[in-house]
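**Q** model this:
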Amino acid sequence: MMKKMFVYTHVLVCLTVFFGSIVTSYAQNRKDRAAQSSLFLEDEILEITVSMDLEKVTKDIEDREEHQGTIVYKAADGTDVLLNVMFKTRGKTRANPEVCKFPPLQLNFKKKGNYDNLFAGQDKLKLVAHCQYNKGFDDYVAQEYLTYKHYNILTDNSFRVRLLRVTYVDTGGNRNTFTKYGFLIEDDEILAHRRGKVVSEKSVRNQDMCNRDALDLMVMFEYMIGNTDWGVGAKHNMKLIADDSTNRLPIPIPYDFDYAGAIMTSYAQPAEALQITSVRQRVFRGLCRQPGSYEKIFQIFNDKREHIYALYQNSVHVNDRFKKSTLKYFDQFYNIINDPKKAKRSVLEACRAKHSHVY
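**A** Residues are numbered from 1 along each chain as shown. As a prediction, the model looks like this:
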């Protein structure tokens, strides 16, 4: 009897290991497909048609249930590709009906069988939508998209994005068909997989718990674009990725830049605690470092300056007025970091209370 129990137990353990390895292998293959898909490798604007009951989806702010819909796009040979997708609202500020009439969305694809199409391997994707229906808000979408691409220039530890022209078809019959800008944001699990890391779900007490170089680069980027709407301790508007689940020195990955001074959406307001009157006023929120540390970060921004400016200058999706205003705003940033006195006053002595960084 004991011998039989041993055999049964041994077989059960072997089966568990076997099927566990299959599940792990499937997950890895799915993530590989998603990471290698041309969805986020190409910069050409992607035109898609989204069909759903607009009222049911966009007004479901409290329960945030998933609602059926479809996405149609044209394949390389010109044929239409139709995908069944589940839609639901997401976000905080932009999910507030007093701020946005059209909230951001989450798209949920069927992982099983999602192979031979542009969205191969994708599970859930964030779609940043137009918020309001007037053209100014449509412009904000293209501007925020460029901000993500801006950070892509500085580091590969960043969310990839894809700009869309979305034609919305209301299956509920309450609204005429219309077309707006939108963009998709890479899933955090795919980003982590692409970088050879995992998404860290553990909380961190403060900035000291993050990878120093990655943190300082992110903090300087937020300072450059004039964004103060982020926080490490609460993981506010950022994800963390790490080498393993121990969460040692995770890398912060920022997102949601609609409060940035570079964009200056009509609803963006700085936090009262910052004691500034406009999001255009820069506030440096990084930690104090040893002499020479931030100068190395300044050099990275100087080295990338030409590429950053070219990104905005060459974009056909934003108008000349925005280009001129934004590059002038960035000129002010470069004037600060390249002037020792201004850098000392605005960054090196404006840093947060001294910390001993954990290595």
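
**Q** Tell me the secondary structure at residue 205.
**A** What DSSP: H, G, I helix; E, B strand; the rest coil gives for residue 205 is coil.

**Q** need the contact list for the closest residue to residue 184 other than its chain neighbours.
**A** Leaving aside its chain neighbours, residue 184 sits nearest to residue 162 (4.7 Å; criterion: Cβ to Cβ, 6 or more residues apart in numbering). (C-beta placed from N, C-alpha, C; glycine too.) Neighbouring residues of residue 162 by Cβ atoms under 8 Å, 6 or more residues apart in numbering: 39-40, 42, 46, 183-184.

**Q** From residue 149, how far off is residue 162?
**A** 10 Å (Cβ to Cβ, to the nearest Å).

**Q** on that earlier part again, how far is the host helix or strand of the residue nearest to residue 184 from where the chain is centred?
**A** Take DSSP states H and E as the rule and residue 162 turns out to sit in strand 161-170. Strand 161-170 has its C-alpha centroid displaced from the chain centroid by 17 Å (Cα atoms, centre = their mean, to the nearest Å).

**Q** Name the next helix or strand downstream of it, please.
**A** Note on strand 161-170: by DSSP H and E, the next helix or strand toward the C-terminus is strand 178-185.

**Q** in stretch 188-197, what's buried?
**A** Within stretch 188-197, the residues scored as buried using 16 or more other Cβ atoms under 10 Å are 188-195, 197.

**Q** From the residues you listed, which land in helices?
**A** Residues from the buried residues of stretch 188-197 lying in helices, with DSSP state H as the criterion: 188-194.

**Q** rewinding a little: ok, which pair from the contacts of residue 162 is furthest apart?
**A** 42 and 183 (13.0 Å; Cβ to Cβ).

**Q** and the residue nearest to residue 184, how far is that from residue 128?
**A** 11 Å.

**Q** ok, the residue nearest to residue 184 to residue 319 distance?
**A** 21 Å.

**Q** State the helix or strand in which the closest residue to residue 330 other than its chain neighbours lies.
**A** The shortest distance from residue 330 to any non-neighbouring residue, by Cβ to Cβ, 6+ apart, is to residue 224 (6.6 Å). Element membership for residue 224 (DSSP H and E) is helix 212-225.

**Q** That helix: how far from the chain's middle?
**A** 15 Å.

**Q** Also stretch 65-80?
**A** Counting by Cα atoms, centre = their mean, stretch 65-80 comes out at 22 Å from the chain centroid.

**Q** Mind checking what helix or strand follows the helix holding residue 224 in sequence?
**A** strand 238-242.

**Q** Quick one: neighbours of residue 59, just the number.
**A** When neighbours are counted by other Cβ atoms under 10 Å, residue 59 registers 13.

**Q** Give me the nearest residue to it, chain neighbours excluded.
**A** Counting by Cβ to Cβ, 6+ apart, the residue nearest residue 59 is residue 97, at 7.9 Å.

**Q** Any stretches of the stretch 51-200 of the chain with poor pLDDT?
**A** Across the stretch 51-200 of the chain, the ranges flagged by pLDDT under 70 are 111-114.

**Q** at 90 instead, please
**A** By pLDDT under 90, the low-scoring segments of the stretch 51-200 of the chain are 110-116.

**Q** So which residues of it form helices?
**A** 54-58, 135-154, 188-194 (DSSP state H, counting those that start in this stretch).
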